[in-house]
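# below are the sequence and a predicted model; questions follow.
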Amino acid sequence: MPEPALFECLPQLKGRVAFTLLGQWPTPLEPMRIKGFEGRDLFVKREDMSSPIYGGNKIRTLETLLALALQRGARTVWSTGAYGSNHALAAALHAPRLGLAPAALLFPQPPTLTAADNLARLISLGVRLSALRTIALFPLRLAALYVSRGQFVMLPGGAVAVGALGHVGAALELARQVRAANAPWPRHLIVPAGSICTVAGLLAGIAAARAMNLWAGPTPRMHAIRVTPWPVTAKARITRLARRTASLLARLGAPGGNLAETCSLLEVHGRYLGPGYGKPLERGQAVINEFGSTLPFPLESTYSAKAAAGLMDLLPQLDGAVVFWSTKSSAPLPPLDPSRLELAPAHVQRWLARAGLRTK
């Protein structure tokens, strides 16, 4: 398997950044055909195929964060986020590969079947689970974890500079793929914005790629499709994480490039959040109904359908090549364990039932 682009393009990072290989890189960059947009230069970056165990964009973040947990001597690694967290499920399936015990501190979200599938898998895997009744308890419980010995705590989505380095690698990987295929340089990237780690890392990565003359085209416009509310996905918060990531690269001796220019081309599209995080968007459901059977990547109501709705609506306004970032794992989910689901706390079972998933 080839070396990840992060280290092949930035060899000065080797041995200085905690890293463990979990994914299969590079993820494919595929042409995409959409009815009504024939003849357009449309591509999809198949992050959903990053691992046959559990893929998606979270794997790039876990490669640095789980390695850092090992480096610090942790025995248990905690994911944090909403009940249906993709990051928590990804960590639950990949952390044991490294001898780490997975755990999750989760707060409620609107009940949907997609979210319930993730939570039910966490329970079925026997993950140590703290499922809060209300988000109001989250800050106190999070603070308590930080002072516990042997515990490594990841913020929702792993949204810290070290976690974003994986997505710097994704930008470098994309540049190499475009060059190798002699494809048109993307003028627009369309990416779902939830925990913001992916968008911030891509911004820093494109700036670095341009500084190294690896990205030969013009700086692309980044369209972040908001799937979590402001201020989580505020433009200022995304660019702040991008700056922290670029600063980390600079401290490690890597080029940072013109991050100001890259960030100036960031657009956050808020209308696709719809009624709120985890709540289906009518336009997203329409995209699932019309295109779900023909698109090569999975669509679900929380992230990918909202991002795909943004793609369909924005395409008539965009010039040049467009790359859609497919972030939801396409790997089969592990089986459910009814015996463990029956032992879940009563409030969790009620939430699963409201989402349409029965535990008995």
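Structure's in. What do you need?
# after the top helix by length along the chain, which helix or strand is next?
The single longest helix within the chain, with elements called by DSSP state H, is helix 161-181. Sequence-wise, the next helix or strand downstream of helix 161-181 (DSSP states H and E) is strand 186-193.
# the inter-axis angle of the helix or strand just after that next one versus strand 186-193?
Counting by DSSP H and E, the element after strand 186-193 in chain order, helix or strand, is helix 197-211. Taking axes from the mean of the first three to the mean of the last three Cα atoms, to 10 degrees, one finds helix 197-211 and strand 186-193 inclined to each other by 160 degrees.
# who touches the next helix or strand after helix 197-211?
With elements assigned by DSSP H and E, the helix or strand that comes after helix 197-211 is strand 221-226. Here strand 221-226 makes contact (Cβ atoms under 8 Å, 6 or more residues apart in numbering) with 187-193, 196, 199, 202-203, 206, 233, 238, 262, 265-270, 272-273, 306-307, 309-310, 314. From N, CA and C alone the C-beta is placed, and that goes for glycine too.
# what of stretch 64-79?
Here stretch 64-79 has contacts from 17-20, 22, 85, 87-88, 91-92, 94-95, 98-105, 128, 145, 150-154, 158, 160, 162-163, 165-166, using Cβ under 8 Å, 6+ apart.
# could you find the closest non-adjacent residue to the residue nearest to the spatial centre of the chain?
Centroid-nearest residue in the chain: N57, 3.8 Å away (criterion: Cα atoms, centre = their mean). In space, N57 comes closest to T327 once its chain neighbours are excluded; the distance is 4.1 Å by Cβ to Cβ, 6 or more residues apart in numbering.
# count residues in the vicinity of that neighbour, would you?
Neighbour count for T327, taken as other Cβ atoms under 10 Å: 25.
# enumerate every residue touching it.
47-48, 56-57, 191-192, 198, 303-304, 307.
# hmm, 10 Å instead?
By Cβ atoms under 10 Å, 6 or more residues apart in numbering, the contact set of T327 is 45-48, 50, 55-58, 86, 191-192, 194, 198, 227, 297-298, 303-304, 307.
# next one: R237
Applying Cβ under 10 Å, 6+ apart, the residues contacting R237 are 159, 193, 196, 200, 230-231, 268.
# export the residues you listed as a markdown table, with columns for neighbour count.
What follows is the contacts of R237, written out as a markdown table (neighbours: other Cβ atoms under 10 Å):
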| residue | neighbour count |
| --- | --- |
| A159 | 23 |
| A193 | 31 |
| I196 | 27 |
| A200 | 32 |
| W230 | 13 |
| P231 | 9 |
| V268 | 19 |
